[in-house]
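J.: what follows is a predicted protein model with its sequence.
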Amino acid sequence: MKLLSWPVELRFIAVGYAAVFSVAAFLVLVIYLQEVERPAGMVSSHGIYAAGDALLYIFIASLFLIPTAFLVRFMAKSELLYTAYPQFLLSLRLSAPVCLALFVLAKNM
């Protein structure tokens, strides 16, 4: 039984990504403002702040998995999308060393 058409499903997925991005930006902004307002506290207990930042980033990455699961479920209905998406991710992964080399070269100039 088909409940939603594919453009509606894609819109819901895009709204999910936008919502997660908004929440992540808000959380990072709150942490940044806290560090700017209380620099002495950050210096005196930098290990606690680092652990909190790490937990925040893990939480944000976990939030991004929710719309990604719906995207993969949507793409499983189409063989073309289901094969094209991993190829896109592979090409993105293979371009990472090139980007890293460009960053290192730009920093050394």
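T.: Yep, it's here.

J.: could you look up the next helix or strand downstream of the host helix or strand of residue 51?
T.: Counting by DSSP states H and E, the element that carries residue 51 is helix 46-75. From helix 46-75 onward toward the C-terminus, using DSSP H and E, the following helix or strand is helix 79-94.

J.: gap between the helix holding residue 51 and the chain center?
T.: Helix 46-75 has its C-alpha centroid displaced from the chain centroid by 7 Å (CA atoms, centre = their mean, to the nearest Å).

J.: that one to helix 79-94, inter-axis angle?
T.: Helix 46-75 and helix 79-94 are oriented at 150 degrees to each other (axes from the mean of the first three to the mean of the last three CA atoms, to 10 degrees).

J.: can you list the buried residues in helix 46-75?
T.: 49, 60, 63, 67, 71, 74-75 (16 or more other CB atoms under 10 Å). Where you see a C-beta, it was placed from the backbone N, CA and C, and this is true even at glycine.

J.: what is the helix or strand bottoming out on mean pLDDT in the chain packed up against?
T.: For the chain, counting by mean pLDDT, DSSP states H and E, helix 39-44 ranks last in confidence among helices and strands (a mean of 80). With contacts taken as 3 or more CB pairs under 8 Å, 6 or more residues apart in numbering; DSSP states H and E, helix 39-44 sits against no other helix or strand.

J.: which residues touch that helix?
T.: Residues lying outside helix 39-44 but in contact with it, judged by CB atoms under 8 Å, 6 or more residues apart in numbering, are 35, 49.
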